[in-house]
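Colleague: What shape does this take:
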Amino acid sequence: MADHPSFFPEGARIAVLTTQPLGGALDYLAPAGGVRLGAFIEVPLGPRRVMGVVWGPGEGAIDRARLRPAGPPLDVPDMRAEMQSFLEKAGAYTLTPMPVMLRLATRAPGLGQPPGKRKVYRRGTGQPDRMTEARTRVLAALEEMGGLALTLSELSATAGVTSSVVKGLVKQGAVLEEESPRDTPFPRLDPELPGKPLAEDQAEAARHLARGLEQRAYGTTLLKGVTGSGKTEVYLEAVAECLRQGRQALVLLPEIALSAEFLTRVEARFGARPAEWHSGVTATERRRVWHMVAENGAQLVVGARSALFLPFRDLGLVVVDEEHDTSYKQEEGALYNARDMAVLRASLAEARVVLASATPSLESWANAEAGKYERLTLTSRFGTAALPEMKSLDMRGEDLPADRWISEPLARGVERRITAGEQALLFLNRRGYAPVTICRACGHMIGCKHCDARMVEHRFLKRLVCHQCGETEPRPEVCPSCEVEGKLAAVGPGVERLAEEARARFPEARVAVLSSDMFTTARALKVEIAGIAEGGADIIVGTQLVAKGHNFPLLTLVGVIDADLGLQGSDLRAAERTFQLMRQVAGRAGRAEKPGVAVLQTYQPEHPVIRAILSGDEEGFWRAEAREREAAGVPPYGRMAGIILSSEDVQKVFDLGNALARNAGALRRIGAEVFGPAPAPIARVRGRHRVRLLVKAPKGSALQAAVADWVGQFRLKGDLRLAVDIDPQSFF
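Modeller: Residues are numbered from 1 along each chain as shown. Sure, this is the predicted structure:
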């Protein structure tokens, strides 16, 4: 970018990148008055006009007489050279076309529209003359927005009411209608407000992070600490130092559900709420966040992985909380890992990165071992809380009926906790009621019509659901294969079935189910989590959603129903992920003053991963896992790329896969191996057959260039699709 001029005079040849799937930038003529590098402009594309960014000088391959003039610059902050460089480098690393990368950086509605006024609604001081269910929902929605204003359509949609309900509340003063600028700065955060008192190791870690920020240079720190050790309080002190310097900070969270509690903590620390960026934010608020980040009107953004692509004016700190979490990997469209892209973004912005986790990814652990990352370790829990006692329960000695999953020893433990006014968590990482519905007459298992996947029964929906494509259908009474009635049976447990068993086993207990598909909105999930934290349930039945950073002060017993579940299959990260998940979910117990216990029901108590979980020898586990990976030459001690081919015609995908395997000279030249083609574990999704090839290459090899040359030999025809996944996390 440094070689490009920063301004192009009228009539100069310019390259404009748009989000249209055209491969790269197109040449145009600079508009009247000229245009700056990075300016957002509208350009003609066929009969349409589309928004684009001035990416640099034109290539000159097209006759100047054929070029069309670009429109004048839009009232949008220019894209900074740093951001252009980030998109180019991220695109080159992930082999993602630049129009797709630009789409990630412009995901805010109405960016090209001029600023203006709008009517917004917030809670008033008056009270309605009478309350109805609809009015209650409107007022509750406004209360939950924490003082933020909503447009009429947003408030109506959030509360599930008609606009007339809102207008009626306006007339009575219960809701205020105001004229507001479309985009306004966020309230200023005060870094000088006191934080929570820190123990000495926490205070020293916070001071170390602050010293790193004072250097105003890139660096990455792995902040490792047992669950509940105060990692959040430590990195919030780093955020405070970043704000003192007048720079912007970004905190990435793996789940929207985590944001409610975290935002409350941020507000308590800095006196105001930060900007939010995730799928639960309204379109109006997304536009505001985008503009304010670009104009330095937002000091701190709390968001999901896509917040990395916001146009920060002066980014000084990126925190990746729960950095090991698999949800940081984008699995559709641009296939990127937000943890790795955070490091890239910070290196270009001369910013610091904090990777926080109780159970780091092996990649981050290895980088710290090699000295690429600094490492800070917190060894004790925050305040008076103690680490939970870890126990295993050998299920081979338990005589459980085939349709029951809670062992008697675990049930007795749950009863003791309920009697003491405490909470118990029953953990099963499987959504729905039952994973398989089988006909006991003919053995037919009901599968998805569009995928090679079993339909999962969701009893609360009264439907069967495909977890691959989302297809749903009513649960049939008659077997679709043999047409015998009354023989369909649910096999195996999901959290709904486990909750059913818990309600039958503990009839006086209040049972709450936490699973991502049980809630239609992020707001409803946040309300449920807050209610549980305040003591609104005796027993929590949950999937991995409960393992991610939630704090339930009354929770003192965690029972893992099937600790062996994640050890199945051939995923090279199966041991790592099982270890992380079990340690994380066990860490939910005893986070307040009362001690906690975690019980793992297992049929393999002698398994090395189960033994490592129980012993707490995390460093021993990582070293053993590292030795195995290094011996196999797989990440992080080797490189991998996945090639996913798909088509409605199974023969076409195998023909292409075989052709790729035969013509892999570009890969062999860098010492890479090609495995496949083979059907993906779930070989058909949404009616498209899927075939995979896996590339394994030595560490340090030029994998991207070789893969680009390799797949570039082939032109895709018809409905054939090819996707490249550098550093695959999932093998499905």
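Colleague: low-scoring stretches of the stretch 201-350 of the chain, by residue?
Modeller: By pLDDT under 70, the weakly predicted segments of the stretch 201-350 of the chain are 257-258.
Colleague: Quick one: the strands in it, in order.
Modeller: Assignment of strands within the stretch 201-350 of the chain using DSSP state E, counting those that start in this stretch yields the ranges 219-225, 248-252, 275-277, 300-303, 315-321.
Colleague: Now mean neighbour count and distance to T132 too, for the ones you listed, in JSON lines please.
Modeller: Any C-beta I mention is one placed from the backbone N, CA and C, and that applies to glycine too. As requested, the strands of the stretch 201-350 of the chain are exported to JSON lines (neighbours: other CB atoms under 10 Å; distance: least, CB to CB, whole Å):
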{"stretch": "strand 219-225", "mean neighbour count": "23", "distance to T132": "48"}
{"stretch": "strand 248-252", "mean neighbour count": "27", "distance to T132": "39"}
{"stretch": "strand 275-277", "mean neighbour count": "26", "distance to T132": "30"}
{"stretch": "strand 300-303", "mean neighbour count": "24", "distance to T132": "34"}
{"stretch": "strand 315-321", "mean neighbour count": "26", "distance to T132": "40"}
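Colleague: A30: neighbouring residues, count only.
Modeller: Under the neighbour criterion other CB atoms under 10 Å, A30 is assigned a count of 24.
Colleague: Would you confirm that it contacts P5?
Modeller: No - here A30 lies out of contact with P5, judged by CB atoms under 8 Å, at a distance of 10.7 Å.
Colleague: quick one, which of the strands of the stretch 201-350 of the chain is nearest to A294?
Modeller: Shortest separation from A294 across the strands of the stretch 201-350 of the chain is recorded for strand 248-252, at 10.4 Å, computed as CB to CB.
Colleague: Output the contacting helices and strands for that closest one.
Modeller: Identification of packing neighbours for strand 248-252 by 3 or more CB pairs under 8 Å, 6 or more residues apart in numbering; DSSP states H and E yields helix 231-244, strand 300-303, strand 315-321.
Colleague: how about these in TSV, adding distance to H450?
Modeller: Compiled in TSV, the helices and strands packed on strand 248-252 are given as follows (distance: least, CB to CB, whole Å):
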stretch	distance to H450
helix 231-244	42
strand 300-303	32
strand 315-321	35
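Colleague: hang on, the earlier thing: between the strands of the stretch 201-350 of the chain, which gets nearest to R48?
Modeller: When those are ranked by proximity to R48, the top entry is strand 275-277, at 28.6 Å, counting by CB to CB.
Colleague: got a list of contacts for the helix-or-strand element of the chain with minimal mean pLDDT?
Modeller: Among the helices and strands of the chain, helix 522-533 carries the lowest confidence by mean pLDDT, DSSP states H and E, at a mean of 78. Residues from elsewhere that reach helix 522-533 (CB atoms under 8 Å, 6 or more residues apart in numbering): 141, 144, 158, 256-257, 259-261, 278-280, 423, 512, 514, 516, 519, 537, 540, 550-553.
Colleague: what's the following helix or strand after it?
Modeller: strand 539-542 (DSSP states H and E).
Colleague: how far out from the middle of the chain is that next one?
Modeller: Computed by CA atoms, centre = their mean, to the nearest Å, the separation of strand 539-542 from the middle of its chain amounts to 22 Å.
Colleague: That strand: partners in the sheet, and parallel or antiparallel?
Modeller: strand 423-427 (parallel), strand 511-514 (parallel) (DSSP bridges).
Colleague: what about the last one, distance to the chain center?
Modeller: For strand 511-514, the distance from its own C-alpha centre to the chain's C-alpha centre is 22 Å (CA atoms, centre = their mean).
Colleague: Now that strand: buried residues?
Modeller: Buried residues in strand 511-514, counted by 16 or more other CB atoms under 10 Å: V511, A512, V513, L514.
Colleague: Return the member of these nearest to E350.
Modeller: Using CB to CB, L514 is the member of these that sits closest to E350, with 40.4 Å.
Colleague: Same list (the buried residues of strand 511-514) but as JSON lines, adding pLDDT.
Modeller: What follows is the buried residues of strand 511-514, written out as JSON lines (pLDDT from 0 to 100):
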{"residue": "V511", "pLDDT": "94"}
{"residue": "A512", "pLDDT": "91"}
{"residue": "V513", "pLDDT": "89"}
{"residue": "L514", "pLDDT": "86"}
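Colleague: What is the nearest of those to L355?
Modeller: Minimum distance to L355 across the buried residues of strand 511-514 is 26.1 Å, recorded for L514 (CB to CB).
Colleague: Check the closest residue to the closest one other than its chain neighbours and give its pLDDT.
Modeller: Leaving aside its sequence neighbours, L514 sits nearest to G542 (CB to CB, 6 or more residues apart in numbering; 3.8 Å). On pLDDT, G542 comes in at 87.
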